[in-house]
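Undergrad: Fold the following for me, if possible:
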Amino acid sequence: MISTEEIKQLIDNNDLERALAHLDERLSCDSQDDEAYYYKGSLFWKQGNWKMAIENYLKATEINPESPAQQAYEMVMEIINFSNPDLYNP
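TA: Numbering: from 1, shown residues only. Okay, the predicted model is just below:
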């Protein structure tokens, strides 16, 4: 099994299919691997799949409230909830 650092590198290099396979492998061995859920959320975010990114970030923070997934989740929610009233009132 490869390390999460190697998985992060795969994600950074856009080798998302391989990264996802390794993340799923990690999670099949340990369903409480919050770091794997965090990276899985990051992978889905990179693909533009916000729903799956949010689900994985939330799962990671359920397991470990101190996970960096909490900050990632908050960032995603800020982006989703962003509203610029000037765009509606020219």
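Undergrad: Give me the secondary structure label for the residue nearest the centre of the chain.
TA: In the chain, the residue lying closest to the centroid (CA atoms, centre = their mean) is residue 41, at 1.6 Å. Classification of residue 41 by DSSP: H, G, I helix; E, B strand; the rest coil places it in helix.
Undergrad: Not counting sequence-adjacent ones, nearest residue to it?
TA: Once flanking residues are discounted, residue 41 sits nearest to residue 56: 3.5 Å by CB to CB, 6 or more residues apart in numbering. Yep, even glycine has a C-beta here, placed from its N, CA and C like the rest.
Undergrad: go on, residue 35?
TA: Using CB to CB, 6+ apart and skipping the chain neighbours, the partner closest in space to residue 35 is residue 4 (5.1 Å).
Undergrad: now swap in residue 64 and tell me
TA: Residue nearest to residue 64 in three dimensions, not counting chain neighbours: residue 34, with 4.0 Å by CB to CB, 6+ apart.
Undergrad: what do you get for residue 72?
TA: residue 57 (5.2 Å).
Undergrad: hang on, the earlier thing: tally of neighbours for the residue nearest to residue 41?
TA: Using other CB atoms under 10 Å, the number of residues around residue 56 comes to 27.
Undergrad: ok, residue 79 to residue 66 distance?
TA: Distance, residue 79 to residue 66, by CB to CB, to the nearest Å: 22 Å.
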